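*Asks:* Pasting the sequence and the predicted coordinates here, then a few questions.
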Amino acid sequence: MSGDPLLDELRVRFRATTEIRLQEMGVLLDALDRNAGDSASLKKLALHFHALSGMGATYGYPRISELGEEGESALLPMAASNATFSERGRWRELVAAIARELRAG
């Protein structure tokens, strides 16, 4: 804990909402496994990575921000061009890495 009660509470909330976000990302990845051209799921997945890239470091998880940025920078161009989702294993690895970072901190 940081010693700052407000920051500690915000970190608790960040962890809780990120756990939910990770579950949602898993559902989106499953949807993309079934239909690689599902542009709505691809855009939602990109937005989840975007949110994590912006929030992780704020709450003491700089590696989550880095992983989120990695996912976002690769997915946003795909989502913008309505490309077919590819490299499925890479995205699951990023989500798993985010989960490990979150649970380690």
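*Replies:* Cool, the structure landed. Numbering: from 1, shown residues only.
*Asks:* show me what contacts residue 21?
*Replies:* Going by Cβ atoms under 8 Å, 6 or more residues apart in numbering, residue 21 touches 48, 51-52. Where you see a C-beta, it was placed from the backbone N, CA and C, and this is true even at glycine.
*Asks:* again, but for residue 101
*Replies:* For residue 101, counting by Cβ under 8 Å, 6+ apart, the contacting residues are 56, 61, 63-64, 67.
*Asks:* Just give me the closest of the residues you listed to residue 80.
*Replies:* If you rank the contacts of residue 101 by distance to residue 80 using Cβ to Cβ, residue 67 comes first, at 20.7 Å.
*Asks:* That closest one is in contact with residue 52, isn't it?
*Replies:* Yes: taking Cβ atoms under 8 Å as the definition, residue 67 is a contact partner of residue 52 at 7.1 Å.
*Asks:* So for those two, which residue has more residues nearby?
*Replies:* Using other Cβ atoms under 10 Å, the more surrounded residue of residue 67 and residue 52 is residue 52, with 29 against 24.
*Asks:* Skipping adjacent residues, who's closest to that one in space?
*Replies:* Leaving aside its sequence neighbours, residue 52 sits nearest to residue 68 (Cβ to Cβ, 6 or more residues apart in numbering; 3.2 Å).
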